[in-house]
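K.L.:
Just a sequence and a predicted model for now, questions to come.
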Amino acid sequence: MITAIFLLLLGLALLIVGAESLVRGAASLAKRWGVSTLVIGLTIVAFGTSSPELIVNIVSAAKGTADIAVGNILGSNIANILLILGISSFIRPMEVKRQTVWREIPFAILAAVLIVIMGNDIFFDGSAINAITRTDGFTLMAVFFIFMFYAFSVSRVEGDQGEDVKTYPSGTSALLILGGLIGLYFGGQLLVDNAVTLARLAGLSEAIIGLTVVAVGTSLPELATSVVAAARGHNDIAIGNIVGSNIFNVFWVLGLTAVILQIPFSGTITFDAIFAAGVTILLFLAMFVGKKNQLTRWEGTTFLLLYVLYISYLVYRG
């Protein structure tokens with residue numbers, strides 16, 4: 001078990017370092033090619049912070065451990081809101097732009113609700129099994145491209161504001177990209193293989209491991225970004241990073257995974273899908289409780305308590 005834990009942590013480290021390396025290299029090349037910093041933030045950085053979830057999901061689907069794939073997405077999205085925004089708003093109350101409240105957060109709600117609908121074919125369609133099919137995957141990716149069109153439209157309206165990108169020589173950028181891809185590949189393999197091993201040794205389901213250890217691990221880039229942004233008073237980055245990540249996780253990561261391989265959707269994970277949707281709706285409602293369009297410290301504390309209760313329930317569920 002100790003070896004499996006060590007290899008799992010090594011896999012997490014490789015994923016995080018690989019994602020950071022990929023983002024730095026790709027962003028540097030994009031900047032050298034004249035791409036605006038806002039577009040880099042909306043695309044390359046967003047893709048990069050979601051790449052651990054993407055790699056884990058593809059590896060999980062290929063190995064037939066679908067519960068880890070779905071649990072990873074649901075667990076990451078729940079952790080992003082309750083844990084990461086909870087910590088961030090506890091550090092500093094965060095003002096939220098009206099545009100984020102009325103556009104991005106509803107988009108994230110749509111993503112969460114679609115998982116519930118697409119994953120429950122027996123209930124909604126009378127099908128023989130529950131699965132996120134290739135057709136569902138294509139639908140999710142179609143919505144993702146609509147969101148990307150919206151993101152680029154915003155960049156044209158708001159101008160060149162976004163990530164402060166450090167540039168490197170082209171050769172260095174290429175090495176960073178290559179190293180990042182290698183780190184993501186081997187990190188994903190190590191994480192999934194040893195998460196499955198630990199689940200079996202501990203008598204836990206793969207879904208529980210995906211919803212907890214794997215989900216929190218792949219959300220570490222978002223955690224670091226949002227906490228640092230909150231501490232520095234960059235509210236738009238802190239909240240936008242989380243909401244954007246949740247949108248990417250469903251429409252891009254889950255969509256692409258389902259296109260590659262149909263994902264069975266177990267009955268026990270339906271609760272987690274509904275909980276993820278409820279948490280996203282709760283974030284939207286929080287914008288109208290107390291100070292309007294602000295996530296306060298007491299709301300952040302409530303989010304953290306909810307996350308502790310949710311994890312306690314998962315442990316009890318086994």
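P.N.:
That came through, no problem.
K.L.:
For the rest of this, base every contact and every neighbour count on C-alpha atoms.
P.N.:
Noted.
K.L.:
which residues of the stretch 101-250 of the chain fall in strands?
P.N.:
Secondary structure of the stretch 101-250 of the chain, counting by DSSP state E, counting those that start in this stretch: strands at 131-132.
K.L.:
now the helices for it?
P.N.:
Using DSSP state H, counting those that start in this stretch, the helices of the stretch 101-250 of the chain run over 105-118, 121-125, 134-158, 170-202, 206-209, 215-218, 220-231, 235-248.
K.L.:
Quick check: which of those is nearest to residue 256?
P.N.:
With Cα to Cα as the measure, helix 134-158 is the member of the helices of the stretch 101-250 of the chain nearest residue 256 (6.2 Å).
K.L.:
How far does the closest one sit from its chain's centre?
P.N.:
Chain-centre distance of helix 134-158: 16 Å, with Cα atoms, centre = their mean, to the nearest Å.
K.L.:
what's the model's confidence in it, averaged?
P.N.:
Throughout helix 134-158, pLDDT has a mean value of 83.
K.L.:
Also stretch 17-26?
P.N.:
Across stretch 17-26, the per-residue pLDDT values average to 78.
K.L.:
ok, and which of the helices of the stretch 101-250 of the chain has the densest surroundings?
P.N.:
When these are scored by mean count of other Cα atoms under 10 Å, the highest mean neighbour count falls to helix 215-218 (a mean of 26).
K.L.:
Tell me how far that one lies from the chain's centre.
P.N.:
9 Å.
K.L.:
quick one: contacts of that helix?
P.N.:
Residues from elsewhere that reach helix 215-218, judged by Cα atoms under 8 Å, 6 or more residues apart in numbering: 12, 15, 16, 52, 53, 71, 72, 73, 74, 75, 76, 79.
K.L.:
which of those residues tops the neighbour count?
P.N.:
Within the contacts of helix 215-218, most neighbours by other Cα atoms under 10 Å means residue 15, with 34 neighbours.
K.L.:
and the helix or strand containing that one, which residues are buried?
P.N.:
Counting by DSSP states H and E, the element that carries residue 15 is helix 2-32. In terms of neighbour count (16 or more other Cα atoms under 10 Å), helix 2-32 has its buried residues at 4, 7-31.
K.L.:
what's the offset of it from the middle of its chain?
P.N.:
Centre to centre, stretch against its chain (Cα atoms, centre = their mean), the figure for helix 2-32 is 15 Å.
K.L.:
same thing with stretch 177-190?
P.N.:
18 Å.
K.L.:
ok, residues contacting it?
P.N.:
Counting by Cα under 8 Å, 6+ apart, 7-8, 10-26, 51-52, 55-56, 59 sit against stretch 177-190.
K.L.:
Also stretch 1-12?
P.N.:
Here stretch 1-12 has contacts from 186-192, 194-195, 197-198, 201, 217-218, using Cα under 8 Å, 6+ apart.
K.L.:
Compute the number of surrounding residues for residue 103.
P.N.:
Neighbour number of residue 103 under other Cα under 10 Å is 11.
K.L.:
pLDDT score for it?
P.N.:
Residue 103 is given a pLDDT of 82.
K.L.:
I'd like the distance between it and residue 68.
P.N.:
Here the criterion is Cα to Cα, to the nearest Å. By it, residue 103 lies 30 Å from residue 68.
K.L.:
rewinding a little: distance to residue 84 for the helices of the stretch 101-250 of the chain - can I get that in TSV?
P.N.:
Listed next are the helices of the stretch 101-250 of the chain as TSV, based on distance: least, Cα to Cα, whole Å:
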stretch	distance to residue 84
helix 105-118	16
helix 121-125	32
helix 134-158	23
helix 170-202	21
helix 206-209	19
helix 215-218	10
helix 220-231	6
helix 235-248	8
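K.L.:
nearest to residue 92, of those helices?
P.N.:
Comparing those under Cα to Cα, the one sitting nearest is helix 220-231, at 6.2 Å.
K.L.:
Can I get the closest one in CSV, CA atoms only?
P.N.:
The C-alpha coordinates for helix 220-231 follow below in CSV (Å, rounded to 0.1, in the frame of the first residue of the first chain):
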residue,chain,number,x,y,z
LEU,A,220,-4.6,21.4,-7.4
PRO,A,221,-3.7,23.8,-10.3
GLU,A,222,-7.1,25.6,-9.8
LEU,A,223,-6.5,25.7,-6.0
ALA,A,224,-3.1,27.3,-6.3
THR,A,225,-4.3,29.8,-8.9
SER,A,226,-7.5,30.8,-7.1
VAL,A,227,-5.9,31.1,-3.6
VAL,A,228,-3.0,33.2,-4.8
ALA,A,229,-5.4,35.4,-6.9
ALA,A,230,-7.7,35.8,-3.9
ALA,A,231,-4.8,36.8,-1.6
